[in-house]
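In: okay, here's the prediction I keep looking at, along with the sequence it came from:
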Amino acid sequence: MTSYKRIYLFSSKDRDVLETREKIQKEMEPHGFEFVSNYDDADIIASVGGDGSFLQACRKTNFNKDKVYIGIKTRLDQNYLYVDFSIDDIPHLIESIDSHEVSVRKYPVLEVNLNNQMSYMCLNDFYIKSSVIKPMKMEIYIDDEYFEAFNGDGLLISTPTGSTGYNKSLDGAIIDPKIRSMQLTEIASLNNNNFRTVSSSVVLGDTRTLKIILDKEGNYYPIMGLDNEALSIQETDFISLRIQDKYIRTLKLPQNSFWSKVQRKFL
């Protein structure tokens, strides 16, 4: 059984959050846990806060597949997708880490490449929108084969775990994380006698590559976002996306599956 005793805490620098960090350390250190200042030295990377903090922790630590990620929420009454533990129940966290019933689950990661020059990763989703008040035109290719011409507000590409977020609000499907895939969902596409798209979400397997070519004559100055972080890049000709060989690992708790989280969050 692997021992997870060295923990790196990721959080904001807000005063109340720093006090929460101190509380976590005081409760866990007597049980043999060591808190390290460098995430490379950790067995567990723990975010303090909600799903946004968890996503930032993954990004700031480079989606390290050799570590185990967990989330600790500061409010017991909040339901999150990635965050399993609460500051109000640290004994449960200690028991879960030490428990022989605990196993590790893997979440797929999306790679986003801009102009074959800059590569980024995200756990939730990537979106591109026009920053001016007019629809933007893009051509979509799947494995270098032309698929459709898009004209509308923008496009969203999500992972299975990201499918419960922005994607769901766009009527995209919720995808099981065991299905390594990405989902392309349109944002307010124009469909009439002049423009036509498939008008539904498209789910692509992990061997597929999605390519989006921007219409350079439109001067859209696109807004792009990775998870909960904006990309300040305007000179973009094309974007390539695929499910990475990389993944992140999280603790899989008994009776706390992805679908039980979806049930608690939405039903």
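Out: Nice, I can see it.
In: burial count for F238?
Out: For F238, the neighbour count with other Cβ atoms under 10 Å is 15. For the C-beta atoms, the positions are set from N, CA and C on the backbone; glycine is no exception.
In: what does N113 give?
Out: Neighbour count of N113, defined by other Cβ under 10 Å: 16.
In: ditto for the one 4 residues further on
Out: Other residues within reach of Q117 by the criterion other Cβ under 10 Å amount to 9.
In: can you pull the buried residues of the lengthiest helix in the chain?
Out: Secondary structure assigned by DSSP state H gives helix 15-28 as the longest helix of the chain. Of the residues in helix 15-28, those buried by neighbour count under the rule 16 or more other Cβ atoms under 10 Å are 20-21, 24, 28.
In: same for the very next helix or strand once past that helix, what does it pack against?
Out: Proceeding N to C from helix 15-28, the next assigned helix or strand is strand 34-35, under DSSP states H and E. In terms of contacts (3 or more Cβ pairs under 8 Å, 6 or more residues apart in numbering; DSSP states H and E), strand 34-35 is packed against strand 6-10.
In: taking helix 15-28 as reference, get the angle to the strand it packs on.
Out: 170 degrees (axes from the mean of the first three to the mean of the last three Cα atoms, to 10 degrees).
In: pull up the pairing partners for strand 6-10, direction included.
Out: In the sheet, strand 6-10 lines up against strand 34-35 (parallel), strand 44-48 (parallel) (DSSP bridges).
In: so for stretch 153-173, mean pLDDT?
Out: Here stretch 153-173 scores 96 as its mean pLDDT.
In: end-to-end on it?
Out: Distance across stretch 153-173, first residue to last, is 20 Å (Cα to Cα, to the nearest Å).
In: could you do stretch 109-128 as well?
Out: For stretch 109-128, the end-to-end distance is 18 Å (Cα to Cα).
In: cool, stretch 206-215 as well?
Out: End-to-end for stretch 206-215, by Cα to Cα: 27 Å.
In: now do stretch 130-147
Out: Taking Cα to Cα, the first and last residues of stretch 130-147 lie 21 Å apart.
In: next one: stretch 23-40
Out: 23 Å.
In: same thing with stretch 229-238?
Out: 20 Å.
In: report the buried residues of that stretch.
Out: 231, 236.
In: what mean pLDDT does it get?
Out: Across stretch 229-238, pLDDT averages out at 83.
In: and stretch 126-138, by the same measure?
Out: Rounded mean pLDDT across stretch 126-138 is 89.
In: end to end on that stretch, go ahead and measure it.
Out: Length of stretch 126-138, first residue to last, Cα to Cα: 15 Å.
In: what's the answer for stretch 170-186, then?
Out: 8 Å.
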